[in-house]
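Novice: Sequence first, then the predicted structure, then my questions.
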Amino acid sequence: MTSSPAWQTWLFICAAAFAVVLTGLLEPDLTTQVFLLAPFVAVIGLPHGALDLSIAKVLWPLRGWHGKVKFVSLYLSLSALIVIFWILFPSASLFAFLIYSAVHFSGDWSDSPTALRWCGGAATIGGPALFHQGDVAHIFGYLVPESAANLATSCLVIAGGTALVIFVAMLILQPTTRTRAAAEQAAIWLAAGLLVPLVYFIVYFCVLHSVRHTVATIESLKDRKDALLTAGFLSAITALMAVSSILFLDSFKAGLIVESISQTVFIGLAALTIPHMILVDRFQRRSHHLAEAL
Ligand SMILES: CC1=C(/C=C/C(C)=C/C=C/C(C)=C/C=C/C=C(C)/C=C/C=C(C)/C=C/C2=C(C)CCCC2(C)C)C(C)(C)CCC1
Ligand SMILES: [Fe+2]
């Protein structure tokens, strides 16, 4: 995204501060966190990805129903392949998911110098593990066998710790890096330290990442009303598929609803992220080329 507006930084900082106060008062347990995660991701997180169809229409001429059906089938097949891969190789999938998530989230600072951008990507995923290693390993344990969950968490602790050291050194040694992007990343480190992991993730993913991407995409589209309606419709379909998946998983292991929701949300996001990343990356490159040409 190119130079994001200041209100997005303030919105994120205020939401994080509000979440710190609220969770300090209410001390939500893991079940409550998971029950908060699902609706927030469905209502605020999904629409940012559901704009992918409108992005695709800008990138390629999806003529008529035929073109759209072809695109939707490709998107769904790619996502389904990733779910199958996760079922067959859960540990490798979790590692891959963490790496490509950090790459994708680093795009929130795509107008920043490379080092700051990568520190941001590492902070978004490594921050919670650095400060709440046990909680993160426990949640990963819903997604993969325990040994892989512990190993992935330890790797994130190292990645997070390294990114934090580089970030602080950069701020001290290079005053030019003390930008609004750095303020956002400082807020991410504070939120990751002060909030329980899933509440931290809701605040970062919904209030910073999704809002930034949605606003930037909508602003660069011609038919905004159509894009928003399509995104609402696709989000509703995706949310319905998620509810079916939760009910299906829960029917096998009644009483483990927290596990079913965590699996659906995170494996679902892992599956949607690959086609989403491909489109967003192409779209960002196209916008940069257009901006340079002007
Ligand atoms: C268009 C379309 C559609 C839709 C789509 C969508 C709706 C999308 C979305 C997308 C999205 C929406 C994406 C997202 C992404 C996300 C991510 C990438 C995430 C990540 C995360 C992570 C990695 C995490 C981690 C963790 C955990 C797990 C625990 C705690 C701690 C932490 C935080 C570290 C459909 C299919 C209907 C059809 C076709 C077309
Ligand atoms: Fe995204």
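Specialist: On my side now, so go ahead. Ligands and ions are numbered 1, 2, ... in the order given.

Novice: Tally up the residues packed near the nearest residue to Ala19 once chain neighbours are set aside, please.
Specialist: Among residues not flanking Ala19 along the chain, Val203 sits closest, at 5.1 Å (C-beta to C-beta, 6 or more residues apart in numbering). All C-beta spots, glycine's among them, are computed from the backbone N, C-alpha and C. Applying the criterion other C-beta atoms under 10 Å, we find 24 residues in the vicinity of Val203.

Novice: Helix, strand or coil: sort out Lys222 for me.
Specialist: State at Lys222, reduced to three classes by DSSP: H, G, I helix; E, B strand; the rest coil: coil.

Novice: still on that earlier bit, identify the residues contacting the residue nearest to Ala19.
Specialist: The neighbours of Val203, taking C-beta atoms under 8 Å, 6 or more residues apart in numbering as the test, are 12, 15-16, 19, 191, 195.

Novice: ditto for Ala191
Specialist: Ala191 touches 16, 19-20, 127, 200, 203-204, counting by C-beta under 8 Å, 6+ apart.

Novice: what's the spacing between the residue in the chain that ligand 1 sits nearest to and His209?
Specialist: Residue nearest to ligand 1 within the chain (C-beta to the nearest ligand atom): Gly49, separated by 2.0 Å. Applying C-beta to C-beta, to the nearest Å, the value for Gly49 to His209 is 10 Å.

Novice: so what's the residue positioned nearest the centre of the chain scoring on pLDDT?
Specialist: The centre of the chain sits closest to Phe205, judged by C-alpha atoms, centre = their mean, with a distance of 5.0 Å. Model confidence at Phe205, given as pLDDT, is 98.

Novice: my read: it touches His48, true?
Specialist: No. Under the criterion of C-beta atoms under 8 Å, Phe205 lies out of contact with His48, with a separation of 9.1 Å.

Novice: helix or strand for the closest residue to Ala16 other than its chain neighbours, which one?
Specialist: Spatial nearest neighbour of Ala16, excluding adjacent residues (C-beta to C-beta, 6+ apart): Ala191 at 4.2 Å. Secondary-structure element containing Ala191, defined by DSSP states H and E: helix 180-194.

Novice: For that helix, give the mean pLDDT please.
Specialist: 97.

Novice: any bit of it sitting next to ligand 1?
Specialist: No. Figure legend: helix 180-194 not in contact with ligand 1 (C-beta under 6 Å from any ligand atom); closest approach 8.3 Å.
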